[in-house]
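*Asks:* I'll drop the sequence and a predicted model, then ask my questions.
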Amino acid sequence: MTLLAAVAILAAMIASVAGFGIGSLLTPALAIQTGMGVAVAAVSLPHFVATVVRAWRLRDEIDWSFLRTFGVTSAVGSLAGAGIAAIWGASWLGFILGGLMLFVGSMGLLGLTSKFVLPEKWTLLGGLVSGVFGGLVGNQGGVRSAAMLGSDLKKEAFVATATATGVIVDLARLPVYLAVYARELPALWREIGVMTVGVVIGTFLGVPVLKRIPEATFRKVVSGIILFIGLFVLYRHVSSA
């Protein structure tokens, strides 16, 4: 329980800086005990709470224009991708996605992503494609932030808009998880409670950190986190192959 709480706090702090990270870190930590399917469903509850808290704290920074285009289509795409993965499976895509995230993260660390700004007319398509890929491999937040590196959003708007998109995704997927895992989730109420308290604490600790990160280095910080998640995605798929 102590380790789970520590991971929850750390994951929420990372998410407050990058706009994602709770599911990527908490799910495998819990999956050791429960299995991946149940873990995804259980983590979705504290994920939703933390995302709502973070969105509320950053509500004044949300770019509503970007959310209505990239954000909404990203949410729709992620649900479509998750549905496809549930029906047919798409484990091989994990290798492609992991490599893509390594590439995007490396480009960001080298400062090259700023040279490839996503044109406004392509934001709808960019959101949809990134959402589908994220849904297929279960890393919506990481893929979403990787795609958003091509935007010109300032750091607070970047995290706030990515978080608002996450709220939309959570509202759509939570009823599905609660219905499918209705028998398993009550037995995990202690774990869910610990994770929820942890991610709320981490969110309140992490938002001030975001404000202290210089704008010039923000995208490199996010790129480094994306690079780490890409390595994790590749490791997870190699180990399960």
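*Replies:* The structure has been received and is ready for your questions. Numbers count the residues shown, from 1 in each chain.

*Asks:* for the residue positioned nearest the centre of the chain, give me its contacts.
*Replies:* Computing the C-alpha centroid of the chain and ranking residues by C-alpha atoms, centre = their mean puts G141 first, at 2.1 Å. Contacts of G141 were listed using C-beta atoms under 8 Å, 6 or more residues apart in numbering, and they are 15, 19-24, 134, 162, 166. Just so you know, the C-beta spots here come from the backbone N, C-alpha and C atoms, and that holds for glycine as well.

*Asks:* need these in TSV with pLDDT, can you?
*Replies:* Written out in TSV, the entries for the contacts of G141 read as follows (pLDDT from 0 to 100):
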residue	pLDDT
A15	89
G19	84
F20	82
G21	83
I22	87
G23	82
S24	77
G134	67
A162	89
G166	85
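
*Asks:* could these go into CSV alongside secondary structure and neighbour count?
*Replies:* CSV is the format used below for the contacts of G141 (DSSP: H, G, I helix; E, B strand; the rest coil; neighbours: other C-beta atoms under 10 Å):
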residue, secondary structure, neighbour count
A15, helix, 32
G19, coil, 28
F20, coil, 31
G21, coil, 24
I22, helix, 32
G23, helix, 24
S24, helix, 24
G134, helix, 26
A162, helix, 31
G166, helix, 29
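
*Asks:* return the member of these nearest to L102.
*Replies:* Within the set of the contacts of G141, S24 lies nearest L102; the separation is 14.5 Å, counting by C-beta to C-beta.

*Asks:* how about that closest one, what does it touch?
*Replies:* Residues in contact with S24 (C-beta under 8 Å, 6+ apart) are 11, 139, 141-142, 229, 232.

*Asks:* hmm, 10 Å instead?
*Replies:* Applying C-beta atoms under 10 Å, 6 or more residues apart in numbering to S24 gives the contacts 11, 14-15, 18, 43, 138-142, 225, 228-229, 232-233, 236.

*Asks:* could you list which of those residues belong to strands?
*Replies:* Residues of those located in strands (DSSP state E): none.
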